[in-house]
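**Q** got a predicted structure here, sequence first:
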Amino acid sequence: MNKNILESNFIREFSNVIDRMYLLGWDERNAGNVSFILDEQPLAEYLDLSKPGRLYPLQINAKPLAGKYLLVTGSGKYFKNVKEDPKANACIIRVTEGGSDVEILWGLQPHERPTSELSTHLASHMSRLEVDPTHRVIIHTHATYTNMMSAITDLNEKSFTKALWGLNTENIIIFPEGIGIIPWEIPGNGIIGKNTAAKFKHFKIVLWPLHGVVACGDTLDATFGLIETVEKAAMTYLTIKPYTNQKLISDVDLMRLAKAFNVKPNEDFIQ
C-alpha cells in the first residue's frame, strides 16, 4: 500500500515555499507558477507509477525530459490555497516518451490542467539541465520591488545587475552571473518561453519586465533564496534612489568579494 503523499517531504517543501511567497505579497490571485523535478524512487513510495495518467498536450516538444516527473502548480490556481489543499491546486506530471505530451498522474480535477506556463517551465528545465545536471526547480513569481525597479531603470543586464551588486555584500556571492533580462512579452506563449530558456544558459534568474522574475536552482530553498536576495536588493535600490550621497561597493571590492568566496562573476559585467 502506498504512503500518504500529502505527508511527503516534497509536497511539504513545495507548499511551504509557495505559501511564503504568497505571504510576502509576490503572488496575488493566480499569479506565479512553480515546477519541481522529482526523483522516481521516492515518488514510487506514494504513487503507482505503472498506471497511465491523463494526457495533456504541450506547446513544445520536451523529449529531453522524457520519463521525468514534475510537481507543478495548476492553471488558474491561487498560491494562497496550495498549502491548505495541494491536491486541488497542483499536480504531478510525467513527460511522455515522445515529449509532445505530459501525463497527469496526481492532483487537479479531470477538466483542469497544469500552469499555462508549463511549456516555458519545461523549456527552461531543458536549457538549465544542459549546463547544470543538479538543476531541479523553476519558480515564476511577481516579486514586487524587482518589478517596480523594471519600471524606472534602464533594462540593460549589466547596469541592472551592477546596481544591485553594489548595494549589499552578499549579492555578488548569491547571483555572480547577474540578472538576465528579456523584452516585455505576452505570457503563456512560445516566444516568452524560448527567450527565457535561452537566458537560463547564462543566468539563474531572469527578469520579465513589468511582470516578474523566473528563477532556477537545485532546491526549492535555494531558488526561493535567490529571488529573496534579488528582491531585497531591489527594495534597497528604490529606497535609496532619491538620495544623492549614495555609497556603493566598488568594482575592486566586488572582485575581492568574489575571490574570497570563490565565485566567478559575469565577465561581461565586471573584470
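**A** That came through fine. Numbering: from 1, shown residues only.
**Q** how many neighbours does residue 222 have?
**A** Here the number of neighbours of residue 222 (other CB atoms under 10 Å) works out to 15. Using the backbone N, CA and C atoms, a C-beta is placed for each residue, glycine as well.
**Q** and it, how far from residue 68?
**A** Distance, residue 222 to residue 68, by CB to CB, to the nearest Å: 19 Å.
**Q** now residue 78
**A** Taken as CB to CB, the span from residue 78 to residue 68 is 27 Å.
**Q** what about residue 214, which SS state?
**A** Look at residue 214: counting by DSSP: H, G, I helix; E, B strand; the rest coil, its state is strand.
**Q** before we move on, the earlier item: the more surrounded of residue 78 and residue 68?
**A** Each of residue 78 and residue 68 has its neighbours counted (other CB under 10 Å); residue 68 has more, 20 against 16.
**Q** how about the nearest residue to the more buried one, chain neighbours excluded?
**A** Distances taken as CB to CB, 6 or more residues apart in numbering put residue 95 closest to residue 68, at 5.3 Å, once the chain neighbours are dropped.
**Q** so the one you found touches residue 119, yeah?
**A** No. Using CB atoms under 8 Å, residue 95 is not in contact with residue 119, being 11.6 Å away.
**Q** overlap of the contact sets of those two?
**A** Shared contacts of residue 95 and residue 119 (CB atoms under 8 Å, 6 or more residues apart in numbering): residue 62.
**Q** for the residue nearest to residue 68, phi and psi?
**A** phi -80, psi 130 (degrees, to the nearest 10).
**Q** just residue 208 next, same as before
**A** phi -100, psi 100.
**Q** for it, give the beta-bridge partners.
**A** residue 212 (DSSP bridges).
**Q** pLDDT wise, what is it at?
**A** We note a pLDDT of 98 for residue 208 in this prediction.
**Q** run a quick neighbour tally on the residue nearest to residue 68.
**A** For residue 95, the neighbour count with other CB under 10 Å is 23.
**Q** hey, what's it bridged with?
**A** Residues in a beta bridge with residue 95, per DSSP bridges, are residue 102.
**Q** for it, give its distance to residue 13.
**A** From residue 95 across to residue 13, the span is 21 Å (CB to CB).
**Q** the residue nearest to residue 80 when sequence neighbours are not counted: what secondary structure?
**A** Excluding its sequence neighbours, the residue lying closest to residue 80 (CB to CB, 6+ apart) is residue 22, at 4.9 Å. Assigned state for residue 22: helix (three-state reduction, three-state DSSP).
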